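In: Output the structure for:
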Amino acid sequence: LLNTLYNLGIKDQYMEALSELGYDLEAIAEQERDAALGNGGLGRLAACFLDSMATLNLPAWGYGIRYSYGMFRQSIVNGFQHEQPDYWLTFGNPWEIERLIVSYPIKFYGHVSVHQEEGRQVFRWNAGEQVTAVAYDNPIPGFRTRNCINLRLWAAKPSREFDLEAFNTGDYVQAILGKQRAETLSSVLYPDDRTYEGKELRLKQQHFFVSATLQDVVRRYKEAHPNNWDLLPERVAFQLNDTHPTIAVPELMRILMDENKLGWTASWAICCKVFAFTNHTVLPEALEKWPVSLMEKLLPRHMQIVYDINWRFLQTVRAKYGDDWERISRMSIIEDGTQGDKFVRMAYLAVAASHTVNGVAAIHSDIIKNTIFKDFADLFPGKFQNKTNGVTQRRWLAFCNPPLRRLITERLGSDEWITDLDRLRGLREHADDPTLQQAWRTVKHQAKQRAAAKIHALTGVKVSPNALFDIQIKRIHEYKRQLLNVLGIIHRYDAIKKMSPEERSKLVPRVCIIGGKAAPGYEMAKRIIKLMCAVGEKINNDRDVGDLLKLVFYPDYNVSGAEILIPASELSQHISTAGTEASGTSNMKFQMNGCLIIGTMDGANIEIAEEGGAENMFIFGAKTEEVAGLRAERKTLQVDPRFTHVVDMVRSGYFGWEDYFGPIMDAITTGGDYYLVANDFPSYLEAQEHVDELYRNPAKWDRMSIMMTAGSGKFSTDRTIHEYATEIWDVKPCVVPQPDN
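Out: Numbering: from 1, shown residues only. Got it, this is the predicted structure:
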């Protein structure tokens with residue numbers, strides 16, 4: 001609601017109208033549920049992209065699934081994460097427009113038959129199951145423009161609403177099973193894929209939304225350009241946002257060949273011109289692979305097409321490298337498993353079919369060219385680019401932090417920075433101004449008071465807005481190293497307990513806030529959440545420590561929570577092991593709001609240091625090029641005694657649950673410490689000491705905070721999308737004309 005009101009420029013009028021009706025805008029906005037369409041990094045990035053596409057007047061659409069229950073609602077019971085359905089559509093979604101006339105058949109299972117038609121071989125997919133995809137449109141208005149683009153979401157419906165014949169013969173269960181099976185497809189975001197059934201559902205979801213989207217785009221194209229396929233690459237561009245929609249490649253081939261009678265050569269030429277691929281990971285294990293047996297069963301025609309694509313692609317490899325069978329095996333889209341099973345490497349399929357492949361931060365793009373896609377970069381050196389991620393400054397600064405928006409606008413003399421974020425550089429010349437520093441500090445304190453009230457309402461923990469707010473909010477994962485943060489907090493707590501009253505009087509009070517969800521099947525991440533909660537319970541109830549240190553786990557962290565916590569944050573932790581984080585975008589949101597970053601030289605942190613100044617960050621830890629060597633030498637590492645001490649505190653049961661926390665401590669000691677927590681622990685503590693030292697000097701801290709905001713111009717999705725539009729999609733703005741008065 002608020003985002004739309006701001007973008008349309010009618011917030012004040014709307015607030016006045018509501019007031020006349022006896023309603024308060026802020027109270028109503030708090031009742032709005034977050035759209036449960038993927039609130040992880042990729043989901044939020046896509047939302048920012050759509051905002052910038054609309055604002056830049058690009059003729060672009062977004063497509064996805066209209067999930068009934070979203071990811072999950074996280075509740076914390078006795079320190080343990082519990083997942084509950086997120087019933088965000090219980091009372092409907094007032095923003096969506098149901099398009100019952102826009103629907104497409106989606107096929108699964110069955111077999112493929114071959115026929116001769118007009119002297120050519122024709123493949124026919126005889127499906128064993130069919131559902132209907134129904135469109136729901138969500139308008140995305142741009143800021144200060146008449147352009148409004150569309151987010152089209154697909155809901156799964158049965159191809160027949162009700163099996164009346166089965167019902168009439170007494171088979172009541174069978175009568176409704178088809179309906180339930182169909183609607184399951186768009187029920188849950190990220191089904192648990194540890195089981196075969198979970199894998200099958202996830203692949204069905206991917207094909208469901210991809211097939212509906214491609215059928216929709218092809219239909220719209222054919223209406224405008226009947227019987228002219230040559231123009232398709234000039235009129236259509238698909239950006240594959242990670243590997244999840246890669247099944248689009250064989251699906252478009254199927255639509256062109258089987259349904260529109262194009263030959264293989266013409267169809268493949270079109271595919272290679274319309275698809276581009278964004279990779280979002282550096283971890284080989286995160287590259288999606290599907291068992292061939294599953295794809296043959298679920299999508300038999302697609303499996304045939306993938307085999308054909310792979311055969312032709314490997315001929316290209318052989319033409320360049322000869323019979324280098326080891327290289328051919330490495331580059332094959334079909335992977336031979338160690339136990340005779342085969343897998344489809346979806347990332348390799350995307351790279352082979354796309355005209356452009358990009359990473360999402362400078363270091364990430366270099367890493368993928370030298371590791372997971374090295375063979376492909378050698379074969380297609382001109383195919384790889386970088387497109388550093390961004391966030392929309394409208395939602396993540398101007399709209400979620402109105403006091404800071406007003407202060408920046410007042411100091412710069414206009415609010416043109418809202419559509420041209422590079423103008424924030426103008427703050428640099430004012431960074432030493434005591435008047436601005438004092439106003440900047442006041443704005444931050446107001447945001448901290450608001451966050452403190454929210455934290456108390458959610459958790460019952462009272463935190464002091466006079467303390468330093470230290471925040472780490474992101475998905476819980478070992479490589480993101482929330483564990484390093486918690487061990488550092490334990491060290492700080494232990495140090496406070498040993499301090500004299502005089503030493504404590506000089507200490508910087510700190511409120512540590514951690515939030516994020518663990519994937520339902522990720523046991524280690526769930527144990528880490530319990531550890532955070534156990535440590536927090538110990539510290540927060542220790543009267544001896546009082547307000548000198550608090551640790552809060554923020555439950556069910558989501559977009560609404562981020563809009564409260566990010567403006568309040570003074571220090572934000574982005575501390576992944578170097579070389580593991582592709583980019584990160586939360587770091588950009590914190591930077592825009594004047595938060596200082598403690599972090600490793602990983603992902604977008606490197607570019608943030610270049611733009612905002614490394615001297616305005618707290619950088620620590622191993623570099624990417626050092627990681628492999630440190631892992632090899634980890635067993636002989638002389639571990640810092642402070643690290644050993646905090647590990648022993650956990651193992652001894654100081655925070656309870658010593659048996660439950662045992663596997664966490666094993667992973668960072670005898671288990672090899674893959675993410676180098678012990679290696680980086682000493683430099684992390686040194687960086688934290690530097691934080692305390694600088695926070696005691698408000699003028700210097702405020703100057704650094706202003707400089708960070710001033711250096712955030714590069715990290716607008718307006719810049720990212722402009723680069724995609726000009727360097728990958730070749731699409732130009734289409735300005736909606738103003739109406740005649």
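
In: can you list the weak-confidence ranges in this structure?
Out: Low-confidence segments of the chain (pLDDT under 70): 38-40, 161-175, 178, 741.

In: in it, which helix has the most residues?
Out: Determined from DSSP state H, the single longest helix within the chain is helix 196-224.

In: Run the chain-centre distance for that one.
Out: Computed by Cα atoms, centre = their mean, to the nearest Å, the chain-centroid distance of helix 196-224 equals 21 Å.

In: Please point out which parts of that helix sit buried.
Out: 199-218, 221 (16 or more other Cβ atoms under 10 Å). (Glycine included, C-beta is placed from N, CA and C.)

In: I'd like to know which elements that helix is packed against.
Out: Secondary-structure packing of helix 196-224 (3 or more Cβ pairs under 8 Å, 6 or more residues apart in numbering; DSSP states H and E): strand 61-65, strand 97-108, strand 129-141, strand 148-158, helix 232-235, helix 248-254, strand 289-291, helix 292-298.

In: Let's see that with 7 Å instead.
Out: Judged by 3 or more Cβ pairs under 7 Å, 6 or more residues apart in numbering; DSSP states H and E, the packing partners of helix 196-224 are strand 61-65, strand 97-108, strand 148-158, helix 248-254, helix 292-298.

In: Could you export stretch 200-210 as CSV, CA atoms only?
Out: Extracted in CSV, the C-alpha atoms of stretch 200-210 (Å, rounded to 0.1, in the frame of the first residue of the first chain):
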residue,chain,number,x,y,z
GLU,A,200,9.0,-34.1,-8.2
LEU,A,201,6.8,-31.3,-6.9
ARG,A,202,9.5,-28.7,-7.3
LEU,A,203,10.2,-29.7,-10.9
LYS,A,204,6.5,-29.7,-11.6
GLN,A,205,6.3,-26.2,-10.2
GLN,A,206,9.1,-25.0,-12.4
HIS,A,207,7.6,-26.5,-15.5
PHE,A,208,4.2,-25.2,-14.5
PHE,A,209,5.1,-21.6,-14.4
VAL,A,210,7.6,-21.7,-17.2
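
In: Of the helices and strands packed on helix 196-224, which is nearest Val317?
Out: helix 248-254 (17.7 Å; Cβ to Cβ).

In: which residues touch that closest one?
Out: Helix 248-254 is contacted from outside by 210-211, 214, 238, 240, 267-268, 271, 275, 301-302, 305-306, 349, 353, using Cβ atoms under 7 Å, 6 or more residues apart in numbering.

In: Helix or strand next in line after it, which one?
Out: Next helix or strand after helix 248-254 toward the C-terminus (DSSP states H and E): helix 264-274.

In: re earlier: please identify the deepest-packed of the helices and strands packed on helix 196-224.
Out: Burial of these is given as mean neighbour count (mean count of other Cβ atoms under 10 Å); helix 248-254 ranks first at a mean of 25.

In: Format the CA atom coordinates belonging to it as CSV.
Out: Backbone C-alpha positions of helix 248-254 (Å, rounded to 0.1, in the frame of the first residue of the first chain) are rendered in CSV as follows:
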residue,chain,number,x,y,z
ALA,A,248,12.1,-23.0,-20.4
VAL,A,249,14.8,-23.9,-22.9
PRO,A,250,13.4,-27.3,-23.9
GLU,A,251,9.8,-26.0,-23.4
LEU,A,252,10.3,-23.2,-25.9
MET,A,253,11.9,-25.7,-28.3
ARG,A,254,8.9,-28.0,-27.9
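
In: is it true that Leu256 touches Ser267?
Out: Yes - under the criterion of Cβ atoms under 7 Å, Leu256 makes contact with Ser267 at 4.0 Å.

In: Overlap in contacts, those two.
Out: Taking Cβ under 7 Å, 6+ apart as the contact criterion, Leu256 and Ser267 have no common neighbours.

In: Give me the residue at the spatial middle of this structure.
Out: The centre of the chain sits closest to Gly41, judged by Cα atoms, centre = their mean, with a distance of 1.3 Å.

In: So it versus Ile471, what's the distance?
Out: As judged by Cβ to Cβ, to the nearest Å, Gly41 and Ile471 stand 17 Å apart.

In: now Gly612, nearest residue through space, not along the chain?
Out: Spatial nearest neighbour of Gly612, excluding adjacent residues (Cβ to Cβ, 6 or more residues apart in numbering): Gly711 at 3.3 Å.

In: hmm, I was thinking of Ser75
Out: Among residues not flanking Ser75 along the chain, His82 sits closest, at 4.8 Å (Cβ to Cβ, 6+ apart).

In: Arg33 now?
Out: Leaving aside its chain neighbours, Arg33 sits nearest to Trp88 (4.5 Å; criterion: Cβ to Cβ, 6+ apart).

In: That neighbour contacts Leu37, doesn't it?
Out: No - contact status for Trp88 versus Leu37: not in contact, 8.9 Å apart, counting by Cβ under 7 Å.

In: Show me the common contact partners of these two, please.
Out: Residues touching both Trp88 and Leu37 by Cβ under 7 Å, 6+ apart: Gly70.

In: ok, Asn605 - contacts?
Out: Asn605 sits next to His574, Asn587, Ile597, Gly599 when contact means Cβ under 7 Å, 6+ apart.

In: Next up, the contacts around the last one.
Out: Taking Cβ under 7 Å, 6+ apart as the definition of contact, the neighbours of Gly599 are Gln573, His574, Ile575, Asn605, Met617, Ile619.
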